[in-house]
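**Student:** build me a structure from this.
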Amino acid sequence: MKLESKRLTFTRYTPADLPLYLQLVTNARVMEHIAGRALTAEEAKARYEKALSFNTKDGETGNFKAYTREGGQYVGLAKLTVTGAKEAEIGYAWLPEFWGLGYATETVEFFVGYAKQLKRFRRLFAIVDPGNPPSVRVLEKFGFRPYKKGEIDKLPAVYYELHLVDL
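**Tutor:** So this is what the prediction gives:
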């Protein structure tokens, strides 16, 4: 499965892509707002197995590798994963050299549109570190609104949701 936005290509992770995933989640800067620290290789492998499990459950959604369309550079992870009846989580994590280039905005716009096109979801949600204002701005730009505060991996987290047109 291959999806394309204006500047990015998204293909689902496979077992052979573990080195790419490790490059992302063992980077302390990438993981600062996700887990508070870089993951160990062992922790990363456990998370990767969980990420791959989403890809085997559904043929239209999952955890995707993001590449630049021009040049084919690995950018990071984008996801649209089914979490319940008519509900999916949207998210992304980029390598630092791709921060500030508009890829997060492009990805959220693409996957919101894709979710609407699938006509399966009434609600999308995203989890963000409140200490990451750029990600908060991206979500709010597309109409996501906060609905709950909590913690993930002992870090503060705010849950944002977007209600899609009723099916």
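**Student:** show me the shaky parts of the protein.
**Tutor:** In the predicted model, the chain carries pLDDT under 70 at residues 166-167.
**Student:** let's go with 90 and repeat that
**Tutor:** Under the criterion pLDDT under 90, the flagged ranges of the chain are 1, 33-34, 36, 56-59, 85, 152-155, 165-167.
**Student:** what segments of it are strands?
**Tutor:** With DSSP state E as the criterion, the chain has strands at 2-4, 8-12, 62-68, 74-84, 87-94, 123-128, 145-152, 155-163.
**Student:** export these to a markdown table and tack on distance to residue 43 and mean neighbour count?
**Tutor:** No exception for glycine: its C-beta is placed from N, CA and C like everyone else's. Below are the strands of the chain laid out as a markdown table (distance: least, C-beta to C-beta, whole Å; neighbours: other C-beta atoms under 10 Å):
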| stretch | distance to residue 43 | mean neighbour count |
| --- | --- | --- |
| strand 2-4 | 28 | 12 |
| strand 8-12 | 22 | 20 |
| strand 62-68 | 16 | 22 |
| strand 74-84 | 15 | 20 |
| strand 87-94 | 15 | 20 |
| strand 123-128 | 18 | 20 |
| strand 145-152 | 14 | 11 |
| strand 155-163 | 15 | 17 |
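**Student:** for residue 32, find the nearest of those strands.
**Tutor:** Taking C-beta to C-beta, strand 155-163 is the member of those nearest to residue 32, at 9.5 Å.
**Student:** determine the set of other helices and strands touching the closest one.
**Tutor:** Counting contacts by 3 or more C-beta pairs under 8 Å, 6 or more residues apart in numbering; DSSP states H and E, strand 155-163 is packed against strand 123-128, helix 133-141, strand 145-152.
**Student:** many thanks, I have nothing further to ask.
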